[in-house]
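Trainee: next one to model:
(chains A, B and C)
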Amino acid sequence: MALQTWTLVDVEAASSAPDATFLPENGDGPARGCSVSQTVLRGGLREGVRAVEVNNGSFRFVVLPDRGMGLWKGWLGDVELGWKSPVKGPVNPAFVPIWEESGLGWLSGFDELLCRCGLESNGAPDRDDNGRLKYPLHGKIANTPAHRVDVSIDDASGEIAVSGIVDEARMYHNKLRMKSTVRTRAGLPGLTVVDEVTNLSAENGELQLVYHINFGQPLLDPGSRFVAPIRTLVPRDARAAEGVAAWDTYGQEQPGFTEQVYFMELAAGEDGRTQTLLRNAHGNQGVSLHFNKKQLPCFTLWKSTQAASDGYVTGLEPGINFPNPRSYEKEHARVATLKPGQTLRFEIELEVHATAESVSQAEQNIAALQGAVKPRIFERPMPRWTSAAEG
Amino acid sequence: MALQTWTLVDVEAASSAPDATFLPENGDGPARGCSVSQTVLRGGLREGVRAVEVNNGSFRFVVLPDRGMGLWKGWLGDVELGWKSPVKGPVNPAFVPIWEESGLGWLSGFDELLCRCGLESNGAPDRDDNGRLKYPLHGKIANTPAHRVDVSIDDASGEIAVSGIVDEARMYHNKLRMKSTVRTRAGLPGLTVVDEVTNLSAENGELQLVYHINFGQPLLDPGSRFVAPIRTLVPRDARAAEGVAAWDTYGQEQPGFTEQVYFMELAAGEDGRTQTLLRNAHGNQGVSLHFNKKQLPCFTLWKSTQAASDGYVTGLEPGINFPNPRSYEKEHARVATLKPGQTLRFEIELEVHATAESVSQAEQNIAALQGAVKPRIFERPMPRWTSAAEG
Amino acid sequence: MALQTWTLVDVEAASSAPDATFLPENGDGPARGCSVSQTVLRGGLREGVRAVEVNNGSFRFVVLPDRGMGLWKGWLGDVELGWKSPVKGPVNPAFVPIWEESGLGWLSGFDELLCRCGLESNGAPDRDDNGRLKYPLHGKIANTPAHRVDVSIDDASGEIAVSGIVDEARMYHNKLRMKSTVRTRAGLPGLTVVDEVTNLSAENGELQLVYHINFGQPLLDPGSRFVAPIRTLVPRDARAAEGVAAWDTYGQEQPGFTEQVYFMELAAGEDGRTQTLLRNAHGNQGVSLHFNKKQLPCFTLWKSTQAASDGYVTGLEPGINFPNPRSYEKEHARVATLKPGQTLRFEIELEVHATAESVSQAEQNIAALQGAVKPRIFERPMPRWTSAAEG
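Mentor: Numbering: from 1, shown residues only, chains lettered A, B, ... in the order given. As a prediction, this is how the structure comes out:
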């Protein structure tokens, strides 16, 4: 049999698989060396969280169905993807106080390589006219468990997939369903995330979506550089403006470093495809994101190079919006409206570079995308881009 | 042996039964065909929720001890009780943000056939003088797990019971205990809920209680009708007033339909017993509630015939109060005071009608209760009934 | 082998021990009769909470790793330590709404013999300038699960220890780690808690810490007395001032009793060591706390002698601060600052007195500590001590 499938979670069938490792039927076929393992984590804040580890023979990564199909960490040889959060995750959503009045409770669960900010809202906390928290930091999807999870290994092609369905829905509110599939193939140095967000409602629905993709040490080191084809770059606020001259490089660990955030429009090919790269100081390790600007027109770079113990990290964040407060994004038409039954599709490829050649090739690709486009780098926050720039 | 009992949950004994099915000892006795099964649900938002399914040979239903002894769904042949909520429940209370500042977080857990609103408070969100959320929508009891759960099958009489004890108690606050028993008998087309609420405190306690009993498709269809012996009916607000001419019938799915709510005093027999009926368009399926007006003097009808995907549903809601904000109900003496040790008892019978004859008989019973009483149907919200009518 | 160790929880290894009892290898050695048992509790609000029961042959007690290494109850022959809370705990932190807008949600999880209030904050709820809850009652540590738990039995010395590591940490906020060890020895009528709080951050961290150690019936009875070497005593508020004449004795159960709280500076030996005693009316049962005033300079006595059903209880509370709102304590220099990597150590010994002789000996010890120091008992709240005394 070519394609084997296993169901890990299916609430309709009231079933949940015990911890297990799934292997290709034909151990000598194209899926040789591949496996998918489910472990239910125990203890501390991670009690009860399912970790689904995919190993394609050279690249390993962990999918977290209970954290909105986030990706926890990844490993390719020496290259480790992810970061060391002050939070010992992955955190069971039951322990994350996203409705803490500060609006920042989401941070109590934040330790992933890739987590989604959305679906109804993301960005900085936003309040209603009475000052009541309406949209907490980065929304709910990263703390919503998938109610259906499937795994497949295709013995013929070596393809592996983990898919999950997560609903962000309640009566009298938005009813969005995300079907997320994380795919890789035997030996591939990376993975692809394909998310389809469907409006289950007979009324219009609204969507914000930012992919918060985070890297720390050792990949991120002093002298690391972010490389991307830039059309326009805007510092989010005065603090980011301070660092705009060195916006694309990373310094030493600096205790007390206040985050710097840059909003960008990237250049892209005619088909909309574009690429960004994070490379280390030596240029012999890196990671690229490939995505389509037609799907994800906004790009945010988050630099937070505090001490390692406080979370030395950068976030590469393609999205349909910038992480301003939702009301600001709505005003600037960066909230998507989905008609009843409508589905929007988002695809991001994460490619790991384990050699100087691979890093160099990525830089050449990005240079080609940049081509004759002259980057406009603003030195201060600009209206329509960032709420900090408004009167 | 006539009466068999099993303990599913007993925190005193630190015990919790594994998934199991309980059967009458004598397979050919009066309890023939009866069973009670416990399943701990897994995955998504329902992770860890105990589902106790009772089958009396013809009628099946599911009790949810971890959701305050709510009833999830029921089935009698073709007749399905319950509704299709946008929420994929039953939801573990750990995932329900009832303290979300909007006060509406309760909706994130709402998908039952029968859930209780209470015990200290229910109704619309209510705030203190500083604008802080004091009583979130519908209170806490539906998201409080039972700490003791027992099951019994009586081989002699065919009686089956599931009982649970749920405390809503904390230091310096109300200390109420609800002992709930859901009973049925072999072959009976329905069940009876008996709740005893006791004030555990040496000080007075306060109680609000509304039974939110909800029906959707296919039982609820366009042309369905609500039938009850009416003394007085008051639309809750201007929106309900718009629909008062057709208050007792249901229309097609209507995307974006805004809920309409009617408050009533019902007619009843001298003993206080009364009955309400929901019947489908063809009059060949329906469900009756039997209860005592002396226990549950207020009746609320909730109509929410949005599209199926958004929750086409109606709620029949006997209560000791109307679901206005708690402070309004307190002002109008619809909050019960329980003396130290005092117990109040509430009983609701849910009878399923699977034939036109049975529906017709229910209509005749209700006509008899109506008798010579002339219903007063107000066309607009009235003071003392609804907070929307107050200056 | 002398020292045996077992790991109950280790999130790094994704491991969590099944329910088990651990015994000394040599059943006839000094650890004769000792055992440590782990049970994961099931049902109600305690679903999933690990209870680790230590039995040293004469004294038994229960450690709760998932509730910030709190102690649930203890037993020495007839003497029961702990109290009967209106809450049926121990409560899984996932069910405790500490961010409820009242700021009092912590009470929904409060039923322990010993729980910590901290680490970033404790005391009465505190709000920011916008009136938003910033520091909920008593902070987060009591509702944070340990991510590493170890048990040891030393066959040579008869020593038993349960240790746990609990982090209160998140990005852009405090990052404190508490390593807590609860120790006892075969036959010892008590236990010692040693907590080491380390600032994991490269920036300064801030710490508040109060040990909320609670006793109820039958140990606490009418005529019980609190005995301590007093330098200064200040009633917290007008209500406490009402009772200052009898501040050290306990009355009958009194329904509706409003709590009375006294703040103290104790006398101590030159090494800082001091002792407090709670003794019953007959003086034949009691419990002492031994600790060091250099570590824990503030002492709070909480009297709450309501009816048994409402929680007849007293709290003996050594701390580095008084449980005023955090901003008040900060203003009065009772918030500790920890430099990067700095560790503060706290040790409390809990000694059970099961005989009149033992109680009497404790009274003599305390009299010696009091020595020539003349207690200053203020009759009303004093500035700098309690926020109730400020303009």
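
Trainee: quick one: contacts of stretch A:134-141?
Mentor: A:68, A:98-100, A:103-107, A:116-128, A:166, A:168, A:178, A:208, A:210, A:212, A:323, A:325-326, B:101-102 (C-beta atoms under 8 Å, 6 or more residues apart in numbering or on different chains). Every C-beta, even on glycine, is put in place using the N, C-alpha and C of the backbone.

Trainee: give me the subset of these lying in helices.
Mentor: Residues of the contacts of stretch A:134-141 located in helices (DSSP state H): residue A:326.

Trainee: pick out the residue in the stretch 151-300 of chain A sitting closest to chain B.
Mentor: residue A:202 (3.2 Å; C-beta to the nearest C-beta).

Trainee: okay, now the closest residue to that residue other than its chain neighbours: neighbour count?
Mentor: Nearest residue to residue A:202 in three dimensions, chain neighbours excluded: residue B:307, at 3.2 Å (C-beta to C-beta, 6 or more residues apart in numbering or on different chains). The local packing count at residue B:307 equals 18, with neighbours defined by other C-beta atoms under 10 Å in any protein chain shown.

Trainee: flag every residue of the stretch 251-391 of chain A that's near chain B.
Mentor: Listed as neighbours of chain B in the stretch 251-391 of chain A under the rule C-beta under 8 Å from any C-beta of the partner chain: residue A:340.

Trainee: quick check: residues of the stretch 251-391 of chain A near chain C?
Mentor: So far as C-beta under 8 Å from any C-beta goes, the stretch 251-391 of chain A lies against chain C at A:253, A:255-256, A:259, A:304, A:306-311.

Trainee: buried residues of stretch A:375-391, list them for me.
Mentor: Using 16 or more other C-beta atoms under 10 Å in any protein chain shown as the test for burial, stretch A:375-391 gives A:377-378, A:381-382, A:385-389.

Trainee: please pick the buried ones from the contacts of stretch A:134-141.
Mentor: Looks like these have A:68, A:98-100, A:103-107, A:116-127, A:166, A:168, A:178, A:208, A:210, A:212, A:323, A:325-326, B:101-102 buried, using 16+ other C-beta under 10 Å.

Trainee: filter the residues you listed down to the ones in strands?
Mentor: Secondary structure from DSSP state E places A:116-119, A:126-127, A:166, A:168, A:178, A:208, A:210, A:212 of these in strands.

Trainee: residue contacts, the spatially closest residue to residue A:269 that is not a sequence neighbour?
Mentor: The shortest distance from residue A:269 to any residue other than its chain neighbours is 6.4 Å, reached at residue A:369 (C-beta to C-beta, 6+ apart). Residues near residue A:369 by C-beta under 8 Å, 6+ apart: A:229, A:266-269, A:274-275.

Trainee: is chain C within reach of the worst-scoring helix or strand of chain A on mean pLDDT?
Mentor: For chain A, counting by mean pLDDT, DSSP states H and E, strand A:15-16 ranks last in confidence among helices and strands (a mean of 76). No. Counting by C-beta under 8 Å from any C-beta, chain C is not contacted by strand A:15-16; separation bottoms out at 15.5 Å.

Trainee: give the pairing partners of that strand; include direction for each.
Mentor: strand A:3-10 (antiparallel) (DSSP bridges).

Trainee: tell me the buried residues in the partner strand?
Mentor: A:4, A:8-10.

Trainee: how about the helices in the stretch 251-391 of chain A?
Mentor: A:326-331, A:356-370 (DSSP state H, counting those that start in this stretch).

Trainee: burial measure for residue A:77, as a count.
Mentor: 12.

Trainee: so for residue A:202, what's the pLDDT?
Mentor: Per-residue pLDDT puts residue A:202 at 98.

Trainee: whoops, I mixed them up, residue A:28
Mentor: So residue A:28 comes in at 86 (pLDDT).

Trainee: for it, what are its contacts?
Mentor: Contacts of residue A:28 by C-beta under 8 Å, 6+ apart: none found.

Trainee: now it: how far from residue A:237?
Mentor: 57 Å (C-beta to C-beta, to the nearest Å).

Trainee: same check, this time on residue A:56
Mentor: Residue A:56 is 41 Å from residue A:237, by C-beta to C-beta.

Trainee: OK, contacts around residue A:352?
Mentor: Neighbour list for residue A:352: A:59, A:74, A:76, A:79, A:81, A:189-190, A:286-287 [criterion: C-beta under 8 Å, 6+ apart].

Trainee: next, the distance between the ends of stretch A:325-336.
Mentor: The straight-line separation of the ends of stretch A:325-336 (C-alpha to C-alpha, to the nearest Å) is 15 Å.

Trainee: got a list of contacts for that stretch?
Mentor: A:121-126, A:134-135, A:206-209, A:298, A:320-322, A:344, A:384, A:387, A:390.

Trainee: check the stretch 251-391 of chain A for the residue nearest chain B and tell me.
Mentor: residue A:340 (7.1 Å).

Trainee: tell me the pLDDT at that residue?
Mentor: So, for residue A:340, pLDDT stands at 98.

Trainee: now do it against chain C, distance only.
Mentor: 35 Å (C-beta to the nearest C-beta, to the nearest Å).

Trainee: which non-adjacent residue is nearest that residue?
Mentor: Nearest one to residue A:340, counting by C-beta to C-beta, 6+ apart, is residue A:202 at 4.8 Å.

Trainee: now do residue A:241
Mentor: Per C-beta to C-beta, 6+ apart, closest to residue A:241 is residue A:235, 4.3 Å.

Trainee: isn't the one you found up against residue A:380?
Mentor: Yes. Proximity of residue A:235 to residue A:380 meets the contact threshold set by C-beta atoms under 8 Å, at 6.6 Å.

Trainee: who touches both of the two?
Mentor: The contact sets of residue A:235 and residue A:380 overlap at residue A:241 (C-beta under 8 Å, 6+ apart).

Trainee: who in the stretch 1-150 of chain A is up against chain C?
Mentor: Counting by C-beta under 8 Å from any C-beta, the stretch 1-150 of chain A sits next to chain C at A:39, A:41-48, A:51, A:85-88, A:92, A:94-95, A:97, A:99-102, A:104-105, A:107-108, A:110, A:131.

Trainee: now restrict the residues you listed to buried residues only.
Mentor: A:39, A:41-48, A:51, A:85-88, A:92, A:94-95, A:97, A:99-102, A:104-105, A:107-108, A:110.

Trainee: right, and the residue of the stretch 251-391 of chain A closest to chain B touches residue A:204 too?
Mentor: Yes. Under the criterion of C-beta under 8 Å, residue A:340 makes contact with residue A:204 at 7.1 Å.
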